[in-house]
Structure formats: C-alpha cells, structure tokens
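*Asks:* Just need the structure, nothing else, for what follows:
(one chain, ligands or ions: 1)
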Amino acid sequence: MAETVAHLRALAREHSARFERSIPLIASENLLSPYAKEMLISDLHSRYAEGLPGERYYEGNEQVDEIETVCLDLARRLFRCSFADVRPISGTVANLAVLKALTEPGDLVGTSRLADGAHISSAAFGAFGLRGVKPVYYAWDAERMTIDVAKTREILRAVRPKTCLFGLSLFLFPLPVEELRPTLEEIGARGWYDGAHVLGLIAGGEFQDPLREGCTVLSASTHKTLPGPQHGILLGEGDEELLQRLRSGAFPGVTSNHHLHAMAALAVSLAEHLEFGREYARRTIANARALAQALHARGFDVLGEHLGFTRSHTIAVRADAEGGGAEAARRLADAGLVANKNLLPGDTSPKRPGGIRLGTPEVTRLGMGEKEMEQIAELAHDLLHRGRPAAEIRERAAELKRPFTTLRYCFAAGEAAYRYYDLVGRDPS
Ligand code: DSN
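*Replies:* Numbering: from 1, shown residues only. As a prediction, the model looks like this:
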C-alpha cells in the first residue's frame, strides 16, 4: 500500500503542476489564499463542534468558538445582514438546509429551468427531488437573457408557490428580483436567492443586492467569485422563528459536524474579501467582458453581444461551429485552456450541451488583465478555427501563464498559487 500512497501523492503533485501550466477558465473555480489554505491543514480538521459557539456538544472548542464567532461577524458585515450560518458544508447542502427550513414535501417552488442556467439543486434528481418539492418554472426572456418578468408574473399568480428561488449556474446578468417583488408579496411567497456564482461580486458591490431587492434568504457555496474554501453559507434577514428554522435546517438538518477547518478558512477569505473584494470583483467582470469581446472579434458566437455579453464573471459561447459544447471544451482543455461544456437556453438535450461556459475568477486572481484576455482568445481561435495543433497551443498557454502563478487580492499576496504542500518532505516519485 505504500506504493499506492506514493502514487496518490504523485498524482496530486502532477495535478497541481498541470494547473500551474494551464489557463483556468472554469467559472465556478478559484484559488485559495495561503492563510486560508493553512486553516485547511490545521488541527481544526480533526475535531468535532456540533452546535453553535458556546452551545457545543463536544469539549475542546474554545478556539473554534472564537473562530466561528469571528466568521459569523465577518459574514454579516460583508453582506450587510443580521443573520449568517456558516455550517453548511457546500452550496448544495446550504440549499438543502433552506429547503428544509422553508418548504414541506409536496410544495411548489419557483425556479429557472436547467437549460436557462439553473443549478442542479432545482432538478427532480437534485435537492428539490430529495425534499420532494416540485419546480414551477419561470419564463425566460431570450432577448434580455434573464427571467421574463411579465410572463413569470402570470405564472406565479396562477400557481402561487410559497417559495421562489432565484439563482443560476450560468449567471450572466442580474435576475429581476426587485421587479418581481410586488408579485411575491401579492401571492405571499418568500424570495430565496442562490448566489453561489456571484457571491464575491455581490459582496464587492458589483452585481445585484438580493437581500435588499426582495429575498429574505441567500444561500451559496463559498469558492467561486468569493475565493474561499469549498464550503457553504446561509445569509439573511427575518424574524427569529424563520432564523431558527434556517439554523435548524443547517444543523441538525443537513450537517452533523460542519468541517471546522473549512469554516476557519472561510473566515480568512471573508476578511480578505472585505479588504480586497471590491477591486477584485470589478476586475473580474472587466476581464469577462474583455474576453467575450476578444472571442467575438475572432468569430466565436458569444451570447449577449447586444447586452455587452455579460455583467458577471461568466461568458457563454454557442459552439455549433466548433463541433458542439462537449467537443469544444474537450479540445480546449487538451490544449491547456480549461473550461466546461454547458447547456445553453434553447438546448433540448442535457446530453448535448450547445456551448461552453468560461469564467474569469481565477485568471483575475492571478493578476491577468485585458491584454491577457486578448491572448487567451487568440489561443482559442488558433486551436479551434485555424487548426493549430493542441501541443503548440499547450506550450503557448504555459508561456502565457508563466508570469501569473502567484496570488493577488489576499494577505501574503505573491505566494505561489499552485504550491504543492509536501508536508512530509519526501519526494513522492
Ligand atoms: N457545479 C457548479 C458549477 O460549476 O456551476 C455549481 O455547483
């Protein structure tokens, strides 16, 4: 088995080296700061602390209590709200906690269709199905690339769901929460926002502000545009009865222990976002728009030209001319440009995603700017339109990446972003 362990260590090192040479463009991924990473490998990982600070089911939690108290304070400050819970261990788990708190099996819940960009949480085979709630789909406005307000009003008035979820995984433009607020009030529905993708942009003041536009609960993962650890969070406003239901949804509803190392890493990331988040959010969006423009100029079918392509960290490209989403994503990754295939509005088969999704959270965190977005677009163009070999593009991508392998927008900036933490100090090869 020692050989197996050595092999696993070598694979992890190889993975890190591969990403160090690649251009990472997956919209849901980001890099963790050195101090946040330090929390992940601390002894916090080894401990239990069910409950809330000061009300634990285990001993030895004095420091954990203080860390979680700081984490909760930072979260409430960053999102300007009175309630936070940092115990969900992922975005989907946070969504399950909300479903447990706000719904009963058999309820109708408003949401968007997967092809319109919704997360799998709202699918029958995802969290909605687990809770036994049924989706009521909003209408999509293909022209404005967001929810169709007039048609959705009619749907909501006719069906009257008690909970309405707003949030996407292909999240290009803000959703019309404020416009739909009077309808939600009229039918007595509660607004819930899944802000996983755009959390860092919301915190940075560069996207919409759902808790002031009509949603009482905001759920999210914490590792996309908010460059924290893989974890989850609940934020919100409301009366004590609602907040208690949310707390109990998180624990004991969908977690027992809440991964203390990740919670502590989240505290570091929230503090860093309070310090650096506004500038980071602004530049992330500027880079997404620059990349979209550069790809469009090279003949790619980037969605939303008439709207400036995007107002977030994400862009979507219809890849019919490049062999479809799956083929285009595979060829790009093989050449060192890592993105993902994605369903686009109008797609009918989940097995044949029509496009690719690209995002700028990670390249921005590494200090790339609009000049580099042009270079990335040129690499994609050379590969997919001009037939240059993958090996050549891979080398050019690594060359482009070489000066951009240290972190920005965090304390201890300048540290190696893809450093392999070889704690044992022995070469695994
Ligand atoms: N799977 C993530 C994404 O890529 O959007 C969301 O959980």
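*Asks:* Over to the closest residue to the ligand within the stretch 151-300 of the chain. Which of the three states is it?
*Replies:* Closest approach between the stretch 151-300 of the chain and the ligand, counting by C-beta to the nearest ligand atom: residue 169, at 3.6 Å. To be clear about C-beta, it is placed using only N, CA and C from the backbone, and glycine gets the same treatment. Here residue 169 is coil, with the state taken from DSSP: H, G, I helix; E, B strand; the rest coil.
*Asks:* ok, now which ones touch the residue nearest to residue 207 when sequence neighbours are not counted?
*Replies:* In space, and not counting its chain neighbours, residue 207 is closest to residue 201: 3.9 Å by C-beta to C-beta, 6 or more residues apart in numbering. Residues near residue 201 by C-beta atoms under 8 Å, 6 or more residues apart in numbering: 207, 225, 281, 284, 285, 312, 313.
*Asks:* again, but for residue 278
*Replies:* 204, 205, 206.
*Asks:* Isn't the last one up against residue 282?
*Replies:* Which is residue 206. Yes. Between residue 206 and residue 282 a contact is recorded at 5.7 Å, counting by C-beta atoms under 8 Å.
*Asks:* returning to that earlier point: can you say which of the contacts of residue 278 are buried?
*Replies:* 204, 206 (16 or more other C-beta atoms under 10 Å).
*Asks:* Where does the residue nearest to residue 207 sit, in terms of helix or strand?
*Replies:* Secondary structure assigned from DSSP states H and E places residue 201 in helix 199-203.
*Asks:* How far off centre is that helix?
*Replies:* The chain centroid and the centroid of helix 199-203 are separated by 10 Å under C-alpha atoms, centre = their mean, to the nearest Å.
*Asks:* which intervals of the stretch 301-429 of the chain have sub-threshold pLDDT?
*Replies:* Along the stretch 301-429 of the chain, segments meeting pLDDT under 70 span 422, 424-429.
*Asks:* those helices in it, which residues are they?
*Replies:* Ranges of helices in the stretch 301-429 of the chain, per DSSP state H, counting those that start in this stretch, are 325-334, 361-365, 370-384, 390-401.
*Asks:* most tightly surrounded among those helices?
*Replies:* helix 361-365 (a mean of 27; mean count of other C-beta atoms under 10 Å).
*Asks:* Show me what that helix is packed up against.
*Replies:* If contacts are counted by 3 or more C-beta pairs under 8 Å, 6 or more residues apart in numbering; DSSP states H and E, helix 361-365 sits against strand 23-24, helix 260-297, helix 370-384.
*Asks:* does residue 16 count as helix, strand or coil?
*Replies:* Classification of residue 16 using three-state DSSP returns helix.
*Asks:* rewinding a little: of the contacts of residue 201, closest to residue 403?
*Replies:* Closest approach between the contacts of residue 201 and residue 403, by C-beta to C-beta: residue 284, at 19.0 Å.
*Asks:* pLDDT at the closest one, what is it?
*Replies:* Here, the pLDDT recorded for residue 284 equals 98.
*Asks:* go on, the one 5 residues further on?
*Replies:* Turning to residue 289, the model gives it a pLDDT of 98.
*Asks:* I'm done for today, thanks for sticking with me.
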